[in-house]
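> Have a look at this fold, sequence not included:
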């Protein structure tokens, strides 16, 4: 699969929603912990060598699971292979919680569900569809039916 | 740069909702250097969130290409082939050629342009934020409306505590074993909202003016909101109690010999 790498590189240079130097262990690297600059932008998590401008890699955060690991750490795994884990080590428990919370909300699928939830709640309170007023009530991505429980 | 391609492919093929699908003519996906010419190639395209996938056919099991739709604009364009309704996806990145695509008819063209131009994560986030604000305002006016009848207001707020509505979600798939289910989208919004403004295009601008939090940026999560409304109600209640107490005292004083 080809993808627009240059554009993705441009995205990695955008202001981060969250960024920090964390310890990182890639799935197959066993116990080798590398210090990486980790940067959350939109629904992508970029990781960099601390002295390089270009990221080593990017993780698309759709259909992922964020799990607490021991000693101020967390891991990210993906639905297609939950055994394959990207592990991260934080400086403190607090930082770890901050990252886990941010990552769990960093997917388009989560945004979509939030939107449908808010739309529903506003309709309950006001009796009006807020998206109708914004002129986007017909869009497929905003439909209640797109929400699979 | 590496990408978790296997997971991306899995996501492309999963049954999570597609936002738009259809056949489009393409003259080379990402990474092609040549100028579009000739008849191009007809592929099946699937838009999922901010990702545009192309497949050999409708039944294709491996995406041919992926375009991440962040920081791009979508414009109508001329196709190298007559009778095609073309448009380009243009990125504001150095050395990147715009992607030329063409639909079979004007209706399909319009639908694609609309869907693609609103596909960015930033746009979605803005709409969510706008609705967050609207819900807060709606609940606030409801609470004020019921201010004189604080009891009614309080019970209504209580019954709408949203904690039960949104469980077990983790980045778009349910996690039955997760001991820490994600609640509502709440306070932990990352600090970098500025980045959402980066890929603002078209309709998103309409939202900006109203999208800014009129009260305080910190009141946009539910637990904060709940406390915030709670405070108002507590205050009303305090006033009411004080008045009631004064009334009782006055009454007592009056009744004193």
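Nice, I can see it. Since the model is a prediction, treat every value here as computed from it, not as a measurement. Residues are numbered from 1 along each chain as shown, chains lettered A, B, ... in the order given.

> Which residues are in contact with residue B:124?
A:108, A:111, A:112, A:115, A:141, B:49, B:50 (Cβ atoms under 8 Å, 6 or more residues apart in numbering or on different chains). In short, each C-beta sits where N, CA and C put it, glycine included.

> Ramachandran coordinates for the third one?
Think residue A:112. Phi and psi for residue A:112, reported as degrees, to the nearest 10, are phi -60, psi -40.

> okay, now the domains of chain B?
Structural domains assigned to chain B are B:5-117, B:121-255, following automatic domain parsing.

> picking that back up, from the contacts of residue B:124, which two are the most distant?
A:115 and B:50 (14.0 Å; Cβ to Cβ).

> For those two, indicate the residue with more neighbours.
residue B:50 (28 against 25; other Cβ atoms under 10 Å in any protein chain shown).

> for the more buried one, what are its contacts?
A:42, A:43, A:108, B:68, B:69, B:70, B:119, B:120, B:121, B:124.

> Out of these, which end up buried?
A:42, A:43, A:108, B:68, B:69, B:70, B:119, B:120, B:121, B:124 (16 or more other Cβ atoms under 10 Å in any protein chain shown).

> So which of the residues you listed sit within helices?
A:108, B:121, B:124 (DSSP state H).

> nearest to residue A:58, of those residues?
Distance to residue A:58 across these (Cβ to Cβ) is lowest for residue B:121, with 13.6 Å.

> any idea how far the closest one is from chain A?
4 Å (Cβ to the nearest Cβ, to the nearest Å).

> That residue reaches residue A:43, doesn't it?
Yes. Under the criterion of Cβ atoms under 8 Å, residue B:121 makes contact with residue A:43 at 5.4 Å.

> Now do the shared contacts for the two.
Counting by Cβ under 8 Å, 6+ apart, the residues touching both residue B:121 and residue A:43 are A:108, B:49, B:50.

> Turn these into TSV, columns for distance to residue A:136.
Compiled in TSV, those are given as follows (distance: Cβ to Cβ, whole Å):
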residue	distance to residue A:136
A:108	16
B:49	16
B:50	16
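
> ok, the closest residue to chain B within chain A - how many residues close by?
Closest residue of chain A to chain B, Cβ to the nearest Cβ: residue A:109 (2.4 Å). Residue A:109 has 24 neighbours, counted by other Cβ under 10 Å.

> Equivalent analysis for the one 5 residues further on, please.
Counted by other Cβ under 10 Å, the residues lying close to residue A:114 total 23.

> hang on, isn't it packed against residue B:130?
No. Using Cβ under 8 Å, residue A:114 makes no contact with residue B:130, being 11.6 Å away.

> Now the weakest link among the domains of chain B, please, by mean pLDDT.
Note on these: lowest mean pLDDT is at domain B:121-255, with a mean of 54.

> which other helices and strands contact the strand or helix carrying residue A:24?
Residue A:24 is located in strand A:18-25, with elements delineated by DSSP states H and E. Packing partners of strand A:18-25 (3 or more Cβ pairs under 8 Å, 6 or more residues apart in numbering or on different chains; DSSP states H and E): strand A:34-41, strand A:81-89, helix A:93-104.
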